[in-house]
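Colleague: whatever this is, show me its structure:
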Amino acid sequence: MMLILRLLTVAALAFVAQPARAEPLDALTCAQLGSEQEALRRAGVEQDMAKGHEWARANLTQNDLNVIRRFIEVSERLRFRCANLAPTRPEVNAAATALGSAANVAPTGLLPPPPLPQRRTLPTVKPAVKPAAPGAPAKSAPAAAEPAKSAARPKPGES
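Modeller: Presented below is the predicted three-dimensional model:
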């Protein structure tokens, strides 16, 4: 019995220790996912998603929420497991091409990041110290004021 438990423990640890890997999907599966995504997009899923999760929870049926969940799942699979084969949206490519020609940006669908802000250095302010006159004795630092002695209160019962 102990031997079986040990073997199961070792097998479980070996299974957990391996990182999760998602192999890329084949071209046929990616094409099917792409057509499913387009069908869901034509059904108006993106418009429902744009209204926000609170609106969706209040106004959509459970079936509609499941359709949105499926759209998100299909989009994630296309993006991460069909990265080399994923079809790009034509309106994104058209906007990137228009921006690329207008702003001299490469038509990749992404704009370059904004420039980083310049770091300002503040001038250091030195306290004005008057130099001592030659031959005059150096002033010593002012003596620290003695702390005020607090009046001791008599303890209850003492007079």
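Colleague: identify the residues contacting the longest helix belonging to the chain?
Modeller: When the chain is parsed with DSSP state H, its longest helix is helix 62-81. Contacts with helix 62-81, where a contact means C-beta atoms under 8 Å, 6 or more residues apart in numbering, come from 22-25, 30, 33-34, 36-37, 40-41, 43, 45-46, 48-49, 56-57, 60, 86. C-beta: built from backbone N, CA, C; applies to glycine.
Colleague: out of those residues, which are buried?
Modeller: For those, a burial check counting by 16 or more other C-beta atoms under 10 Å picks out 25, 30, 33-34, 36-37, 40, 45, 48, 86.
Colleague: make TSV out of those and add distance to residue 71, secondary structure and pLDDT.
Modeller: What follows is the buried ones among the contacts of helix 62-81, written out as TSV (distance: C-beta to C-beta, whole Å; DSSP: H, G, I helix; E, B strand; the rest coil; pLDDT from 0 to 100):
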residue	distance to residue 71	secondary structure	pLDDT
25	17	coil	83
30	16	helix	91
33	11	helix	91
34	12	helix	92
36	9	helix	94
37	7	helix	94
40	4	helix	94
45	4	helix	92
48	9	helix	91
86	15	coil	42
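Colleague: can you put those residues in CSV and add distance to residue 126?
Modeller: Below are those laid out as CSV (distance: C-beta to C-beta, whole Å):
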residue, distance to residue 126
25, 67
30, 67
33, 67
34, 67
36, 70
37, 65
40, 67
45, 65
48, 63
86, 61
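Colleague: farthest-separated two in these?
Modeller: The widest separation within these, taken as C-beta to C-beta, falls between 25 and 48 and amounts to 26.5 Å.
Colleague: report the separation between residue 51 and residue 72.
Modeller: 15 Å (C-beta to C-beta, to the nearest Å).
Colleague: ditto for residue 57
Modeller: Distance from residue 57 to residue 72, by C-beta to C-beta: 15 Å.
Colleague: ditto for residue 80
Modeller: The value you get for residue 80 to residue 72, if C-beta to C-beta is used, is 12 Å.
Colleague: likewise for residue 23?
Modeller: 21 Å.
Colleague: same question, residue 115
Modeller: 34 Å.
Colleague: which of these two has more neighbours?
Modeller: residue 72 (13 against 6; other C-beta atoms under 10 Å).
Colleague: ok, residue 64 - how many residues close by?
Modeller: Count around residue 64 with other C-beta under 10 Å applied: 15.
Colleague: show the pLDDT at it.
Modeller: pLDDT for residue 64: 92.
Colleague: what's the answer for residue 141, then?
Modeller: pLDDT at residue 141 comes out at 54.
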